[in-house]
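Novice: from the sequence below, what's the structure:
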Amino acid sequence: MIVVCWTSAVVFPPLALLGGTMPSPALLWQPVVIGLLFLAGQLFTFLSVARGDVSIAAPVLGIKVLIVPAAAGFVVDEELPARVWVAAAVAMVGIAFVQARDAAVDRSRILAAVGYALLAACSMTLFDLLIQRWAPAWGAGYLLPIAFGCAAVSSLLFLTVADRPTDIRQAGAVRPLMFGAVLMAIQAIGMTLTLGLYGDATRVNIVYSLRGLWGVLLTWIVSRHAPAGDAQPSHRTMLLRFVGAVLIGMAVVISVV
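Specialist: Numbers count the residues shown, from 1 in each chain. Here you go, the predicted structure:
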């Protein structure tokens, strides 16, 4: 979590070239709130996987596509047409199908996965909507670098419980850790810059749900090149994932065309 937050903080400052305005110092609490929501979203996401089960956490995180339009009316005073609600519902069903797995889930971890994933979804929902609400006054080039800088500084509070660098090196985890952190920073730029420049958090999240389709394709490619004898997804599982990918694609078409 610390590495992800600091990687994002390092990547975002060039966005200042987009320009913006510095509102009254009395409004500096706004990027602080956004940064803390990002930190909370990352924390709860990692906890939902580490203490729960990814096969449960991922579908629960997917309900964000419904939470965003439900909260939009309160946070950004936005009324959505009926077709966007339909698209969000279709996307959520598609996300559930895409997460199909063959292995049984350890029941003792379900509660942790669901609880932390719900907290993550709520945190990131507010994160998205507040960017949409506050970015016009600041400009995406000013609001986002300050917000992610606040998230990075706040993440240092967790140093006391973090793994030591020597332990990470001995585990051979430095390279995958940095690679994953860079990918998450790129994802954060794509998502937040879109929200900061154009708003429309509901449709952005529906389009973002296309990651489920990429997940199905990646699983299929990897399974074709896996060594003989490795466990492969069953035909039923891949069929369910394909159905989910189609539903997600339909949701994107419904929402943006």
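Novice: low-scoring pLDDT stretches of the stretch 151-257 of the chain, where are they?
Specialist: 212-213, 215-216, 219-220, 223-234, 256-257 (pLDDT under 70).
Novice: show me where it has helices.
Specialist: Using DSSP state H, counting those that start in this stretch, the helices found in the stretch 151-257 of the chain span residues 165-170, 174-198, 201-208, 211-224, 235-256.
Novice: P13 is nearest to which of those helices?
Specialist: Closest to P13 of the helices of the stretch 151-257 of the chain is helix 174-198 (C-beta to C-beta; 11.4 Å). For every residue, glycine as well, the C-beta is placed using N, CA and C.
Novice: packing partners of that closest one?
Specialist: The contact analysis (3 or more C-beta pairs under 8 Å, 6 or more residues apart in numbering; DSSP states H and E) places helix 174-198 against helix 2-11, helix 110-138, helix 140-155, helix 201-208.
Novice: for that helix, buried residues please.
Specialist: Within helix 174-198, the residues that count as buried by 16 or more other C-beta atoms under 10 Å are 177, 181-182, 184-185, 188-189, 191-196.
Novice: which one of these is nearest Y116?
Specialist: Checking those one by one against Y116 (C-beta to C-beta), the nearest turns out to be M184, at 17.4 Å.
Novice: do you know how far the closest one is from V204?
Specialist: Distance, M184 to V204, by C-beta to C-beta, to the nearest Å: 17 Å.
Novice: repeat for A9
Specialist: The spacing between A9 and V204, counted by C-beta to C-beta, is 22 Å.
Novice: equivalent analysis for L239, please.
Specialist: The value you get for L239 to V204, if C-beta to C-beta is used, is 29 Å.
Novice: so between these two, which is more surrounded?
Specialist: Neighbours were counted for L239 and for V204 using other C-beta atoms under 10 Å; V204 has more, 22 against 13.
Novice: isn't I254 up against P81?
Specialist: No: using C-beta atoms under 8 Å, I254 makes no contact with P81, being 10.4 Å away.
Novice: give me the more crowded residue out of those two.
Specialist: Set I254 next to P81 and count neighbours by other C-beta under 10 Å: I254 wins out with 18 against 9.
Novice: identify the residue nearest the more buried one in space, chain neighbours excluded?
Specialist: A87 (4.0 Å; C-beta to C-beta, 6 or more residues apart in numbering).
Novice: surely that neighbour is in contact with I206?
Specialist: Yes: contact criterion C-beta under 8 Å: A87 and I206 qualify, at 5.4 Å.
Novice: what do these two both touch?
Specialist: A251, V252, S255 (C-beta atoms under 8 Å, 6 or more residues apart in numbering).
Novice: which ones are touching the nearest residue to W138 once chain neighbours are set aside?
Specialist: Leaving aside its sequence neighbours, W138 sits nearest to G20 (C-beta to C-beta, 6+ apart; 5.4 Å). If you count contacts by C-beta under 8 Å, 6+ apart, G20 has them with W138, G139, A140, G141, Y142, L143.
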